[in-house]
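A.B. asks: Sequence plus the predicted model coming up.
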Amino acid sequence: MMLVGQILRQRYKIVRLLGNGSFGVTYLAEDLDLPDHPLCVVKNLKQMQNPEDLQLARVLFDREAKVLYRLGNECSQIPRLFAHFEENGEFYLVQEFIDGHDLSEKIFPGNRLSEAEVTQMLQEILEVLTFIHEKNIIHRDIKAQNLMRRNTDDKIVLIDFGAVKQISGLAANSQGQANVSIIVGTSGYMPSEQLNGYPKLSSDIYAVGMLGIYALTGIRPQELPKNSETFEVIWRNRASVSPRLADVLDKMVCYQFHERYQTASEALQALTPPSPSPLSPTPTPTPRELRLYQKILISAGVGVGVLIGMGLLFMSFWRQPTSDSGQVTPDGGQSVADVQLVCPETDVPPLPNTSGMPLGNGIAYGFSNVSPLGGKGIIIYNNGNRYYGDVENDKLKGCGTFIYKNDNTYDRYIGQFDEGKFQGVGKYKYKNGCEYIGESKNNKYDGQGTFISKDGSRFSGTWQQGKLEGSNKTFSSCE
């Protein structure tokens, strides 16, 4: 074991011991070759005694160092590899120092995290793991101590890949055999196939699931009971958790590996609640497509939902004919007949000083229920859209305000929602001054309503699937 102050390779000065395990020793060091002597981590793998093991270790070490180098350069949530070398039969890795704390500060025996906290943590871990699994790489030792929360950006960093431990495991082989299937992992987090020396991508999913159960129950994985016949983990009676999250975790920790989610991407998708957004983004149409839309707009009855999906690049309205000449006139500025707004006109309030609940396409704040999402709160979508109002079973339902971001300007719908869609009475206010006040169904004008142009002219009537009854072919843009 090296001493504090010792300089390795005439460059890396040992500051202090970080950890000492069966596979090697980890030190905090200074890089004397760089300005201000930045900190780094030096990992010293145990010395090889058998010459055959030493030769095999060289091959494995070089291969695994290349893997770590590539991963660290391509993903900011994996420590970068600065150097790897061999001296006197010992192998060294020099990696980026992560200034932060590992998840064992929050996940420890007796401490139970909320479902929202655990869900967010699992999503963050699986996002990093998705990148690794896409490279067909198995971490093999996922646990709280190997997940760092970085101080600079609060992101999770995955450290201490088990593949490197495989090399040092050659030295720990009591039989002196060059076995490259060294069992790497931590008791309680390793599924049966990994214990037998055949880890798979789904073995990592098992470990993440067990970590989530640990966080919910406050009970270490190795201390949880198992069904004597199926070997499945028994844990639901020890946690306050929704059936939906419990089902996802049960599938993550299935005893049979083929019954689990096979990759981190699959588990992440299952963990992510259905999007409550009423509209899905639609690709921006080409100029040729826009001209075609304008030609067929009236005959096809294109609805406001599609217009919104196209980014509100244009808006048309129809006017009722008053003579055989086909000319149209406004309704004289009359108010919308028999249509009263049900929901109050409210704006999206400032965000509360609390952490949000990650969604598949945004973050939710202030809701009383999180799985499924329910109550009243704020949703900030990744594309810049915002919503404030009622949600039920992961879908917008009730009264709310939905604000669309479009080229740094905003359109908004204020009114009733049902099943995640404009459904009921409401007001759609466009950034250019036009408004529609009235009834909607399935994201389209449908029922009694009035369209108000930018100059204040009003055009009232009965709408069906976005088309004004009695309209002729007169077309005018609302720009």
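C.D. replies: Arrived safely, thanks for sending.

A.B. asks: check contacts around Gln416.
C.D. replies: Contact analysis of Gln416 by Cβ atoms under 8 Å, 6 or more residues apart in numbering lists 342-343, 398-399, 422-426. Quick note: C-beta positions are derived from backbone N, CA and C, even for glycine.

A.B. asks: quick one: pLDDT of it?
C.D. replies: At Gln416, the model reports a pLDDT of 92.

A.B. asks: now swap in the one 10 residues further on and tell me
C.D. replies: Gly426 is assigned 91 on the pLDDT scale.

A.B. asks: Using PDB, write down the CA coordinates of whatever helix or strand it lives in.
C.D. replies: Using DSSP states H and E, Gly426 falls within strand 421-429. Output in PDB follows, covering the C-alpha atoms of strand 421-429 (Å, rounded to 0.1, in the frame of the first residue of the first chain):
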ATOM      1  CA  LYS A 421     -57.700  17.000 -24.900                       C
ATOM      2  CA  PHE A 422     -59.500  20.300 -25.300                       C
ATOM      3  CA  GLN A 423     -63.000  19.200 -24.500                       C
ATOM      4  CA  GLY A 424     -65.800  21.500 -23.200                       C
ATOM      5  CA  VAL A 425     -65.900  25.300 -23.100                       C
ATOM      6  CA  GLY A 426     -62.900  27.400 -23.400                       C
ATOM      7  CA  LYS A 427     -61.000  30.200 -25.000                       C
ATOM      8  CA  TYR A 428     -58.100  29.900 -27.400                       C
ATOM      9  CA  LYS A 429     -55.900  33.100 -27.600                       C
END
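
A.B. asks: let's number from 58 now, not from 1
C.D. replies: Got it, first residue is 58 now, which makes that one strand 478-486.

A.B. asks: Check which helices and strands the helix or strand following it sits against.
C.D. replies: Next in sequence after strand 478-486, counting helices and strands by DSSP H and E, comes strand 492-498. Judged by 3 or more Cβ pairs under 8 Å, 6 or more residues apart in numbering; DSSP states H and E, strand 492-498 is in contact with strand 478-486, strand 501-509.

A.B. asks: which residues sit in contact with the residue lying closest to Asp261 once chain neighbours are set aside?
C.D. replies: When the adjacent residues along the chain are set aside, Asp261 lies closest to His196, with 5.3 Å between them (Cβ to Cβ, 6 or more residues apart in numbering). By Cβ under 8 Å, 6+ apart, the contact list for His196 reads 186, 189, 203, 215, 218-219, 261, 264.

A.B. asks: for this protein, which helix is longest?
C.D. replies: For the chain, the longest helix by residue count, based on DSSP state H, is helix 108-131.

A.B. asks: Would you map the strands across the stretch 258-407 of the chain?
C.D. replies: Using DSSP state E, counting those that start in this stretch, the strands of the stretch 258-407 of the chain run over 373-374.

A.B. asks: any residues touching stretch 77-95, and which ones?
C.D. replies: 58-59, 64-65, 68-76, 96-103, 139, 151, 154, 222, 225-226, 229.

A.B. asks: Keep only those of those that are in strands.
C.D. replies: Among the contacts of stretch 77-95, the residues falling in strands (DSSP state E) are 64-65, 69-76, 96-102, 139, 151.

A.B. asks: domain ranges for the chain?
C.D. replies: 58-154, 156-226+240-329, 344-534 (automatic domain parsing).

A.B. asks: Show the end-to-end separation of the second one, please.
C.D. replies: Pointing back at domain 156-226+240-329 there. Using Cα to Cα, to the nearest Å, the end-to-end distance of domain 156-226+240-329 comes to 29 Å.

A.B. asks: Show me the shaky parts of this protein.
C.D. replies: For the chain, applying pLDDT under 70 flags the ranges 78-80, 103-107, 110-111, 113-114, 117, 219-240, 330-396, 463-466, 528-536.
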